[in-house]
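**Student:** based on what follows, work out the 3D shape:
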Amino acid sequence: MSVIIERRLNLRLLAYWEKKRALSAMPRMSDIHASDLHDFWQFCFLLRLDGKGSFSRVHVGNAVDWTWLEPRLAPFIEEVLAKKAPCLDEGEFPVAGNKIVKYRQCLMPLGSEHGVEAVLGGVRFRNF
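**Tutor:** Numbers count the residues shown, from 1 in each chain. Predicted coordinates:
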């Protein structure tokens, strides 16, 4: 019998988040370890929220194109904060030269019963 290994970043990251949260509403930032995510950490980002609507980057993987991701993050971070639950998204947008970028992303809250303190995210994209 062969074992099927999930390759979609969104689903793998969501499964990791679920495992780390155990019986809590969400895992804490200290529960997240790059070594656990070694085979796809380059597609991940970790943002510490300041409670005033902005964030600082703790980690941005070298496969994450921050120049197009950052301007699109605000509504998804707002959704994660409002729901205190993961937000999965996929879509596409045009870029120069009549090309299209298709992407999948996942953002998950990290914190405690007092609220969301950080966001763990992952994104994969492809130019067409």
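**Student:** contacts, neighbours, all on C-alpha from now
**Tutor:** Will do.
**Student:** distance of the residue nearest to Leu81 when sequence neighbours are not counted from Ser24?
**Tutor:** Counting by Cα to Cα, 6 or more residues apart in numbering, Leu81 lies nearest to Val116, which is 6.4 Å off, once chain neighbours are set aside. Distance of Val116 to Ser24, computed by Cα to Cα, to the nearest Å: 13 Å.
**Student:** which of these two has more neighbours?
**Tutor:** More crowded of Val116 and Ser24, by other Cα atoms under 10 Å: Val116, with 24 against 12.
**Student:** for that one, give its distance to Pro94.
**Tutor:** In this view, Val116 and Pro94 are 32 Å apart by Cα to Cα.
**Student:** in this structure, which helix has the most residues?
**Tutor:** When the chain is parsed with DSSP state H, its longest helix is helix 66-83.
**Student:** that one: how far from the chain's middle?
**Tutor:** Taking the mean of its C-alpha atoms, helix 66-83 sits 10 Å from the chain's own mean (Cα atoms, centre = their mean, to the nearest Å).
**Student:** ok, stretch 16-23 next?
**Tutor:** Mean-position distance between stretch 16-23 and its chain equals 15 Å (Cα atoms, centre = their mean).
**Student:** could you identify the helix or strand that succeeds the longest helix of the chain?
**Tutor:** strand 87-95 (DSSP states H and E).
**Student:** heading C-terminal from that following strand, find the next helix or strand.
**Tutor:** Per DSSP H and E, the first helix or strand lying C-terminal to strand 87-95 is strand 99-112.
**Student:** all set, thanks.
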